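Engineer: here is a sequence with its predicted model. Questions after.
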Amino acid sequence: LLKRLDTLLPKLMTETGIDLWVVACREYNEDPVFNSLMPPKVVSARRNTILLFSLIDGKLERAQAFNYDIEPFYKGIAEKGDDPIIAAMKYIEAKNPDKIGINISGNFAFGDGLSKGLYDKITAIFPENLKKKFCSAENLCIRWLETRIEEEMNTYHEVNRLAHELIAAAFSSKQVIPGKTTSQDLEWFFLESINSMGLKYWFPADVYIHRNGEMTSGVIQKGDILHCDVGLEYFGLQSDTQRLAYCLKEDETTLPKGLEEAFKTGMTFQNIVCSKFKEGKTGNHVFRESINEAEKNGIKASLYTHPIGIHGHGAGPIIGLFDNQNEIPVRGDLKIHKNTCYALELNIKQNIPEWGTETGIYLEQTVGFDGERVIFFDDRQKEFLIIG
């Protein structure tokens, strides 16, 4: 966190043109950026909590006005009994910034953390000469939340490795007994395993059964495809992983050839999407170029990739939506930046000759973009897990 505050935040404030950033919130009504700015011991805001980031002549100063000792992260500027808003106002007046960023946004929840009640209090107290300098800090909020430093990019391999190991344990002969085990049993296995590790999940795990081209739930049978969606939090970073397993039939020793080929098609589409990532492109550009190339290659594909990081459905450009396979206004118009991470989420539909029906190959992998290439954290799934 200190490295992010010392090295990353000044660059992002310069990039977004904000001289002084105000993050103000109240206990149990925290701004979406609040926890990302706090050391682990601070789990919530305290009464009226105000953080102040002042960038003067390229040097960042960090202050707080809520009577709580969190040095060296922030220096305190309020005495006991001081009104935090008045203390913040005096601090800002002394700094005399040109642009004061506050977290208000009509488009992005991540940049809209200043509550109406607290905004009213601030504007009632602050003088006109300061209020005239207020501007939306939505771009700064998004850039701060979406950008990872090198240590976080490296750590993401460990985050994903744990998720992959957990899925391998669930999709195994030890946990799955066809004719007895249910998809709900496996969902509880995921939740209980994560809880036993002392970790969190940002959504409860889902397990689906694909049978005869249809998606269902209940008792698992031989010949079923198992499909999970798991969102594990580790090191303060979210992962989002979908993987596939196949339950061999009595007369099978290997995966049906048609399923093997369909999985390869899914990986081909992953490669297509990754090849479209480039700094400065919008999420919508990546979506349209990926779908167009898939169509040229005869791939029946859907793409719904989202940013991920401190939040599961994170800040940054979205690349299609599951229920809206089109370019997405506003959220899809954000640009791809270096050192950002995504849940590469997509599916393809393909006919399985052995079954005489079409099935879906649903894949999701947490990835990073380092400005040059897409990185599969702890690698991606390259073949079905086999339960026999």
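Structural biologist: Arrived safely.

Engineer: element containing the residue nearest to residue 52 when sequence neighbours are not counted?
Structural biologist: Spatial nearest neighbour of residue 52, excluding adjacent residues (Cβ to Cβ, 6 or more residues apart in numbering): residue 63 at 4.5 Å. The C-beta positions use only the backbone N, C-alpha and C, and glycine is treated the same way. Using DSSP states H and E, the element containing residue 63 is strand 59-64.

Engineer: ok, and what's touching that strand?
Structural biologist: Strand 59-64 has contacts (Cβ atoms under 8 Å, 6 or more residues apart in numbering) with 5-6, 9-10, 13, 49-55, 70, 73-77, 91.

Engineer: paired strands for that strand, with orientation please.
Structural biologist: Neighbouring strands of strand 59-64 in its sheet, by DSSP bridges, are strand 48-56 (antiparallel), strand 75-76 (parallel).

Engineer: got the buried residues for it?
Structural biologist: Using 16 or more other Cβ atoms under 10 Å as the test for burial, strand 59-64 gives 60, 62, 63, 64.

Engineer: gap between the nearest residue to residue 321 once chain neighbours are set aside and residue 386?
Structural biologist: The shortest distance from residue 321 to any non-neighbouring residue, by Cβ to Cβ, 6+ apart, is to residue 304 (5.3 Å). For residue 304, the distance to residue 386 equals 27 Å [Cβ to Cβ, to the nearest Å].

Engineer: between the two, who's got more neighbours?
Structural biologist: Taking neighbours as other Cβ atoms under 10 Å, residue 304 and residue 386 compare with residue 304 leading, 19 against 16.

Engineer: give me the phi and psi for that one.
Structural biologist: Here is the backbone geometry of residue 304 (degrees, to the nearest 10): phi -150, psi 60.

Engineer: so who does it touch?
Structural biologist: Residue 304 neighbours (Cβ under 8 Å, 6+ apart): 319, 320, 321, 322, 325, 345, 346.

Engineer: and for residue 366?
Structural biologist: Residue 366 sits next to 156, 159-160, 163, 239-241, 308, 341-344, 377 when contact means Cβ under 8 Å, 6+ apart.

Engineer: any of the residues you listed buried? List them.
Structural biologist: 156, 159-160, 163, 239-241, 308, 341-344, 377.

Engineer: now tabulate the residues you listed in CSV and tack on distance to residue 184 and secondary structure.
Structural biologist: Listed next are the buried ones among the contacts of residue 366 as CSV, based on distance: Cβ to Cβ, whole Å; DSSP: H, G, I helix; E, B strand; the rest coil:
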residue, distance to residue 184, secondary structure
156, 30, helix
159, 26, helix
160, 25, helix
163, 20, helix
239, 22, coil
240, 21, coil
241, 19, strand
308, 26, coil
341, 31, strand
342, 30, strand
343, 24, strand
344, 27, strand
377, 29, coil
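
Engineer: for residue 220, state which of those is nearest.
Structural biologist: Using Cβ to Cβ, residue 241 comes nearest to residue 220 of the buried ones among the contacts of residue 366, at 19.6 Å.

Engineer: now that closest one. Nearest residue, chain neighbours left out?
Structural biologist: residue 163 (4.7 Å).

Engineer: distance of that neighbour from residue 209?
Structural biologist: 21 Å.

Engineer: same question, residue 222
Structural biologist: Residue 222 is 12 Å from residue 209, by Cβ to Cβ.

Engineer: who has more neighbours, those two?
Structural biologist: Comparing residue 222 with residue 209 by other Cβ under 10 Å, the one with more neighbours is residue 209, at 20 against 15.

Engineer: neighbouring strands - and their directions - for the helix or strand harbouring that one?
Structural biologist: Using DSSP H and E, residue 209 sits within strand 200-211. Sheet partners assigned to strand 200-211 using DSSP bridges are listed as strand 214-216 (antiparallel), strand 225-234 (antiparallel).

Engineer: which SS state does residue 167 fall under?
Structural biologist: helix (DSSP: H, G, I helix; E, B strand; the rest coil).

Engineer: and the closest residue to it other than its chain neighbours, what element?
Structural biologist: Nearest residue to residue 167 in three dimensions, chain neighbours excluded: residue 243, at 4.9 Å (Cβ to Cβ, 6+ apart). In this structure, residue 243 sits in strand 241-247 according to DSSP H and E.

Engineer: quick one: whichever helix or strand comes after that strand to strand 241-247, angle?
Structural biologist: Using DSSP H and E, the helix or strand that follows strand 241-247 in sequence is helix 257-275. Computed by axes from the mean of the first three to the mean of the last three Cα atoms, to 10 degrees, the angle separating helix 257-275 from strand 241-247 equals 170 degrees.

Engineer: hmm, back to that, for the residue nearest to residue 52, which residues make a bridge with it?
Structural biologist: When assigned by DSSP bridges, residue 63 has beta-bridge partners residue 52, residue 75.

Engineer: what do you get for residue 305?
Structural biologist: When assigned by DSSP bridges, residue 305 has beta-bridge partners residue 319.

Engineer: give the contact list for it.
Structural biologist: Neighbours of residue 305 in contact, by Cβ under 8 Å, 6+ apart: 273, 283, 286, 318, 319, 320, 342, 343, 344, 345, 346.

Engineer: which one of these sits closest to residue 84?
Structural biologist: residue 318 (35.4 Å).

Engineer: looks like that closest one contacts residue 329 (just checking).
Structural biologist: No. Counting by Cβ atoms under 8 Å, residue 318 stays clear of residue 329, with 10.7 Å between them.

Engineer: more neighbours: the two, which one.
Structural biologist: A count of neighbours by other Cβ under 10 Å puts residue 318 above the other of residue 318 and residue 329, at 23 against 9.
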